[in-house]
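> Please find the sequence and the predicted model below.
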Amino acid sequence: MYFGIWLTLLVCTFITYKAAFLELGRFNAAVALGIATFKATLVALFFMHVYHASEKLTKLVVIGVLFFLMLLLGLTMSDYATRLWS
Amino acid sequence: MADSSLTPVHEHHGEAHAAHNPALLHHFAEPQQQRDAASLGMWVFLATEVMFFGGLFCAYLIYRRWYFGDFGAASKSIDATLGATNTAVLICSSLTVVLAVWAAQTARKTLLIAMLGITMLLGLAFLGIKGVEYKDKFEEHHVPGASFSFENVPIPGHPGEFANPRHAQIFFSLYFVMTGLHALHMIIGLGIFTWLFVMAWKGRFTPEWNTPVEIGGLYWHFVDIVWIYLFPLLYLIDRHP
């Protein structure tokens, strides 16, 4: 299973590298960040064993840190994105 | 008086040692609980690391929105192929780390030593490629500071417009701080893995006790995840013609 995850990660890296050179307009950033999030999720779930974690507290810490990171990025960007620049 | 009260405690202590697994510390009820406590502690530390890097990612997002074209022009000057190669190198090192953890849990000493060694070689390869990249940036005068120069660089998608060097300098400041901090984490990781390698060589890890391999591995994977986000954000923006 580890080799399958490894191969998927390498293929995703190749796809994100190639996709960056295509003209996708606003979707370039969305594709790049989407693939990055997919890869990070695979590493956390299977390489860092969150999926098979015997301790629910570990999962709580992971969900908690994602929540606070989204709070940081979400609130900051919702402020900057809704300001009027002269 | 004092002697008589101490002696039974010592005797009891000795019996307790004999009765339980020597790898199990006294304040844990069972080996599984001890492993879970160590891994939970590492996860809490990694949570603080996520917020630490999160602040830098937040700064990046704000400036990327403000100086959109300038960031595109600056990002295009970095070698994306070196970045992609380094991503592949780190992903391979993550594979060798999980194999090392598995080897430690299943008492495969030779495999454990080999995997820890390959992981360290891949980590050094990553830092070497990073060094080549930094050298290019120094030679091109793209390092923020007195000799910074970014004149007449076209903005991608806007023919006839040129990037503002002051704004490009902010991109390179973020580039050096984020990749530099990541490289520092790699160097600390190599230190941890050197220690794991020595311990594995001495045969200290058993299926009952291999916590350092497991939580050292968690750290290595976290550094990999940071790079998985740094790669598209710093190397791959506005590459398309």
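Done, it's in.
> Which secondary structure element of chain B has the lowest mean pLDDT?
Every helix and strand of chain B was ranked by mean pLDDT, DSSP states H and E. The lowest is helix B:2-19, at a mean of 50.
> can you pull the buried residues of the helix or strand just after it?
Counting by DSSP states H and E, the next helix or strand C-terminal to helix B:2-19 is helix B:31-66. Buried residues in helix B:31-66, defined by neighbour count with 16 or more other Cβ atoms under 10 Å in any protein chain shown: B:31, B:34-40, B:42-43, B:46-47, B:49-50, B:53-54, B:56-61, B:63-64. Every C-beta, even on glycine, is put in place using the N, C-alpha and C of the backbone.
> Can you name the next helix or strand after helix B:31-66?
helix B:68-76.
> List the buried residues in that following helix.
For helix B:68-76, the neighbour count (16+ other Cβ under 10 Å) marks B:69, B:70, B:71, B:72, B:73, B:74, B:75, B:76 as buried.
> Which pLDDT value goes with the third one?
Residue B:71 is assigned 91 on the pLDDT scale.
> what's the answer for residue B:28, then?
For residue B:28, the predicted pLDDT is 82.
> Let me see the backbone angles for residue B:194.
Note on residue B:194: its backbone torsions stand at phi -60, psi -40 [degrees, to the nearest 10].
> Count the neighbours of it for me.
Residues lying near residue B:194 (other Cβ atoms under 10 Å in any protein chain shown) number 12.
> I'd like the distance between it and chain A.
For residue B:194, the distance to chain A equals 21 Å [Cβ to the nearest Cβ, to the nearest Å].
> How about residue B:114?
From residue B:114 to chain A the distance is 15 Å (Cβ to the nearest Cβ).
> Tell me the predicted confidence for that residue.
Residue B:114 is given a pLDDT of 95.
> who does the helix or strand where residue A:39 lies touch, helix- and strand-wise?
Using DSSP H and E, residue A:39 maps to helix A:27-42. Applying 3 or more Cβ pairs under 8 Å, 6 or more residues apart in numbering or on different chains; DSSP states H and E, we find helix A:27-42 packed against helix A:2-19, helix B:211-230.
> Throw those helices into CSV and include mean pLDDT, thanks.
Converted to CSV, the helices and strands packed on helix A:27-42 look like this (pLDDT from 0 to 100):
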stretch, mean pLDDT
helix A:2-19, 92
helix B:211-230, 95
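> wait, which of these is closest to residue B:165?
helix B:211-230 (23.2 Å; Cβ to Cβ).
> the inter-axis angle of the closest one versus helix B:31-66?
20 degrees (axes from the mean of the first three to the mean of the last three Cα atoms, to 10 degrees).
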